[in-house]
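Enquirer: What follows is a protein structure lacking sequence information:
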């Protein structure tokens, strides 16, 4: 990695902490420059605007989060294990990516040019990946789903809805239990067999 890339990555690292602490709206380029031990003009050399810095942080977190999900799926063997691993990884890890969560959920960021496109792409990628896991289970005769794409949308939407209640609760045992209950509902349904 060349020096210029290292400096840019360092700015992104520092900005991540500043955005986590203050949020997008309250963060200034001065805050980022001060935390990076650089002059504001140096920050502008690498990024044209605060939005561009924010985008770099969001994209990096999305890439890291996606890597965690892919690894969870890779390490599982059966479609049910893959679904369970995906849900567990998603629900346990998403809370560690503050800026990504903010970009996905904060309606006050809708004015940023890249946010709408980013949200759409992120949701589509996650839904397509989950639908592929469901189709794999159907093809192997392990799942009975008539429309894997629709089921993927429903399950991803349910997971997104569960994120706040799970992470706002301070009880780790509750969080763990809720995530496992969600996995069981998705894999085994609610109908008594």
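Expert: Happy to help now that I have it. None of these values were measured; they are calculated from a predicted model.

Enquirer: Show me what the lowest-mean-pLDDT helix or strand in the chain is packed up against.
Expert: Counting by mean pLDDT, DSSP states H and E, the weakest-scoring helix or strand in the chain turns out to be helix 172-188, with a mean of 86. Applying 3 or more CB pairs under 8 Å, 6 or more residues apart in numbering; DSSP states H and E, we find helix 172-188 packed against helix 79-93, helix 148-168. The C-beta positions use only the backbone N, C-alpha and C, and glycine is treated the same way.

Enquirer: for the closest residue to residue 78 other than its chain neighbours, phi and psi?
Expert: With sequence-adjacent residues excluded and distances taken as CB to CB, 6 or more residues apart in numbering, residue 78 is closest to residue 142, at 7.0 Å. Phi and psi for residue 142, reported as degrees, to the nearest 10, are phi -100, psi -20.

Enquirer: quick one: residue 142 and residue 57, what's the gap?
Expert: 39 Å (CB to CB, to the nearest Å).

Enquirer: ok, those two, which is more surrounded?
Expert: residue 57 (26 against 12; other CB atoms under 10 Å).

Enquirer: Hmm, residue 14 and that one touching each other?
Expert: No: in this structure residue 57 lies outside contact range of residue 14 using CB atoms under 8 Å: 9.7 Å.
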